[in-house]
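1. Have a look at this fold, sequence not included:
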Ligand SMILES: Nc1ncnc2c1ncn2[C@@H]1O[C@H](COP(=O)(O)OP(=O)(O)OP(=O)(O)O)[C@@H](O)[C@H]1O
Ligand SMILES: [Mg+2]
């Protein structure tokens, strides 16, 4: 296979080649210098004219099944997210939102079906009719394109803020320490924590820790960013800063975002598509204006009424 190492990813070894997709701007480019992506409401499968190839979706789930013991949480789930889309998943507790993000982070393993990232198999591929697990090496190559910010920050408590951000770019992407530190400092400035590089994470507020976690995810130059209720562990007065940082990421980069949130105003502002889940199935799919102002399905109406009342 031909190597396709992006010049925007310094330090990524040629042997890491084909899975490292080119990007418009590299890790050293400030967020604001990246052009925002054109927004497609529906993930394209074929070009409108029927001619010429169309880029594959950034994320595609095909018939994904996930069980925990006897509990089938996802039962043949299909959906796709076009490159540059910002898709919010809403739905009641236990409907499978986190499970989808954890599958996309390879923190859980699906029981059937396929996940594709940029058209590439992510954890399994089909060989004839057989579903075969990818090797760890192939998984880790595609996995690098996906970043996640968790509800509970998940920072390394024994490291400084800077060390938290630099760790993965150096050890996973192979970027030089000097470059990683430079980029980490840029990102810390962008999330408003330029003066906290040497602080221990335990010395920061929850909102500050979450902004470090966002900087840490961005330091990996992800093509896809998964956000799972990133403000729900925060005191209300800290929520706005974190959402402000994420709004800026959404406005100034082309990163595909899959967002789980109860912050409906944020979902409305940032996303171009909303999927309502119940029992692991998509019960409604719409643009945010329609979903939040005129939902079609009774289940969505009930859910939004409960969330907006709470
Ligand atoms: N590690 C696990 N072991 C067993 N069951 C699990 C595990 N993780 C999730 N589940 C089950 O899978 C279902 C979906 O859970 P999931 O966390 O994806 O829901 P959710 O939509 O994110 O809910 P919430 O809004 O409360 O975060 C639930 O029934 C849950 O109990
Ligand atoms: Mg959840």
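-> In hand now; what should we look at? Since the structure is predicted, the reported quantities are computational estimates derived from the model, not experimental observations. Residues are numbered from 1 along each chain as shown. Ligands and ions are numbered 1, 2, ... in the order given.
2. Can you check the pLDDT for the residue in the stretch 101-250 of the chain that ligand 1 sits nearest to?
-> Residue nearest to ligand 1 within the stretch 101-250 of the chain: residue 229 (6.5 Å; Cβ to the nearest ligand atom). For glycine as for every other residue, the C-beta is placed from the backbone atoms N, C-alpha and C. pLDDT, residue 229: 94.
3. and this protein, which residues reach ligand 1?
-> 68, 71, 73, 91, 93-99 (Cβ under 6 Å from any ligand atom).
4. ok, of the residues you listed, which come out buried?
-> Using 16 or more other Cβ atoms under 10 Å as the burial test, these include 73, 91, 95-99 as buried.
5. between the residues you listed, which is nearest residue 154?
-> Among these, residue 98 lies closest to residue 154 (Cβ to Cβ), at 13.4 Å.
6. and the closest one, what element?
-> For residue 98, the element it lies in under DSSP states H and E is helix 97-104.
7. other SSEs contacting that helix?
-> strand 59-68, strand 71-81, strand 86-90, strand 146-149, strand 224-228, strand 256-260 (3 or more Cβ pairs under 8 Å, 6 or more residues apart in numbering; DSSP states H and E).
8. contact partners of the first one?
-> By that I understand strand 59-68. Strand 59-68 is touched from outside by 43, 72-81, 96, 99-100, 103-104, 108, 110-117, 119, 224, 256, 258, 280, with contacts defined as Cβ atoms under 8 Å, 6 or more residues apart in numbering.
9. repeat that for 6 Å
-> 73-74, 76-81, 99, 110-116 (Cβ atoms under 6 Å, 6 or more residues apart in numbering).
10. And the shortest one, by the same measure?
-> Counting contacts by Cβ under 6 Å, 6+ apart, the residues outside strand 146-149 that touch it are 105, 213-214, 217, 220, 222, 224-227, 230.
11. Next, the angle helix 97-104 makes with the helix or strand of the chain with the lowest mean pLDDT.
-> Within the chain, no helix or strand scores below helix 136-143, which has a mean of 90 by mean pLDDT, DSSP states H and E. Going by axes from the mean of the first three to the mean of the last three Cα atoms, to 10 degrees, helix 136-143 is angled at 120 degrees with respect to helix 97-104.
12. Centre of the chain to helix 136-143, how far?
-> 17 Å (Cα atoms, centre = their mean, to the nearest Å).
13. just stretch 293-301 next, same as before
-> With Cα atoms, centre = their mean, you get 26 Å for stretch 293-301.
14. Cool, thanks, talk later.
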